[in-house]
Every structure is written in structure tokens, then in C-alpha cells.
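Visitor: Coordinates for the following, if possible.
(chains A and B)
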Amino acid sequence: DQQVKQNSPSLSVQEGRISILNCDYTNSMFDYFLWYKKYPAEGPTFLISISSIKDKNEDGRFTVFLNKSAKHLSLHIVPSQPGDSAVYFCAASEGASGTYKYIFGTGTRLKVLA
Amino acid sequence: DTGVSQDPRHKITKRGQNVTFRCDPISEHNRLYWYRQTLGQGPEFLTYFQNEAQLEKSRLLSDRFSAERPKGSFSTLEIQRTEQGDSAMYLCASSPPRGLGNYGYTFGSGTRLTVV
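Guide: Numbers count the residues shown, from 1 in each chain, chains lettered A, B, ... in the order given. Here you go, the predicted structure:
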């Protein structure tokens, strides 16, 4: 039972353009969402978070949008840079559970072409 | 703040051997998590500690797996009688006590286990 889904395994974008990575979830109790970036042979690096009381959170070139009714979130990267090439994971958690155990999607490999 | 440290970075072992991994979290973080990641998958939750107490274990954590966090500082993950299916990247993460704002983890670089 995949509670967090990233249906696009890969995405290629030209440098300077917008990258949009999508994530869907099935558990309506999820109320905290994270995006991580992962380079080969390294652990995931935290990018940006959003709680369910918001529908948008922005940090520099990164913006996360949350649509609770659709159980969908997306990460926008503008402008995309070659250094953004990595695997991106979304993750979701039930804050009320107290453990902040995150369920991760399978990832989307982003390639930014120079 | 030196981040989350994991040791070793790589481990190759023969099937049936026991292995132990170590994780040193960020010093002020009281929460510690172990995850496992296989090729093409996202990290999968294994277990969670708050201070020295192990509060949750995934059903992925069979009887051959055991984790400890003595004194609420570093943690160890032991796999007994390793099987080829245990080959994966084992990730440790830590997070501070609950507060406002960011609820994200800080991950270590992981220990890559290969069982031959």
C-alpha cells in the first residue's frame, strides 16, 4: 500500500526553466509534508516543508504547493540550475501520532540540461 | 554541529554473518530514526527512538534486526544472520524536540550494506 506516490520516475528540464515535481498521497491524516533532495552516495538533504494549515511555502527558488482536497503537493524550482540535478523525494507524516515518522515516495530523478 | 555521522560507509559481508552499524546524531536531537533504502525506492521506516526509548518498530524489522540507543546518544543497528535481501542503504536521521516550524529530519550519509 503506497501511501505516498511520485508517479514520474524522471524529468528533464532546460536550465533556467521551471521544474515541477508532483506527489500524491492517500492518507487524509497526513498533515506535514517534506521534500528532500538526494545525490548519489549521499543521504537525503532536506529542502522545504509545508504543514496542512498552509497551501504554499516558499524558500528562494523552491516553492511547495499543497492541495489538500486533491491530496496533492508539488515542488516548483525556478529557475532550474544544473546543480539541481538529483533525485527528489516527497514525504508525509501524521503529526498527531507524535513520532513524526515520515513515509517517503519512490522519488523523481530530475535532470537539468545546460 | 557536525551533522549526523554513520559508520561504516560501506560494508560487504558474507551471507549468514552478523553486522552492526553505528549512528551518531546531532547532539541536541532527542529523536533518532533508522530507515532502509533499496534501489529505485524511497527510504522505508525501520524504527524510532525518543531519547533512549525505542517507541516504534516497523514490521520490516524482523527478529534478525535489533536497534539500541543506550543513554539516548548514539545508536546501533545490528543485523544477525544476514541474507542477500538485506543488501540496501541504511540511513540514520535525527530531529530536535517538537517545536514550531521545520519538522524535517537531518539524515546521515548512510551505510551501504552488500551481502554476498
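Visitor: Could you verify that A:Gly83 is part of a helix?
Guide: Yes. Counting by DSSP: H, G, I helix; E, B strand; the rest coil, one finds A:Gly83 located in a helix.
Visitor: Please report the distance of it from A:Ile77.
Guide: 11 Å (C-beta to C-beta, to the nearest Å). Using the backbone N, CA and C atoms, a C-beta is placed for each residue, glycine as well.
Visitor: between these two, which one's more packed in?
Guide: Counted by other C-beta atoms under 10 Å in any protein chain shown, A:Gly83 and A:Ile77 do not tie: A:Ile77 has more neighbours, with 23 against 9.
Visitor: Tell me the spacing between that one and chain B.
Guide: Going from A:Ile77 to chain B by C-beta to the nearest C-beta, to the nearest Å gives 18 Å.
Visitor: Show me the beta-bridge partners of the residue nearest the centre of chain B.
Guide: By C-alpha atoms, centre = their mean, the mean C-alpha position of chain B lies nearest to B:Trp34, the distance being 3.0 Å. Counting by DSSP bridges, B:Trp34 is bridged to B:Thr47, B:Cys92.
Visitor: is it true that it touches B:Thr47?
Guide: Yes. Counting by C-beta atoms under 8 Å, B:Trp34 does reach B:Thr47; the two are 5.0 Å apart.
Visitor: Pull up the overlap in contacts between these two.
Guide: B:Ala67 (C-beta atoms under 8 Å, 6 or more residues apart in numbering or on different chains).
Visitor: circling back to that earlier point, what residues are up against the residue nearest to the centre of chain B?
Guide: Contacts for B:Trp34 were tallied using C-beta under 8 Å, 6+ apart; they are B:23, B:46-48, B:67, B:75, B:77, B:90-92.
Visitor: Okay, it and B:Leu61: tell me how far apart.
Guide: As judged by C-beta to C-beta, B:Trp34 and B:Leu61 stand 8 Å apart.
Visitor: Pull the residues that contact stretch B:66-77.
Guide: B:20-25, B:30, B:32, B:34, B:46-47, B:49, B:51-52, B:54, B:61, B:65, B:78, B:80, B:90, B:92.
Visitor: Much appreciated, bye for now.
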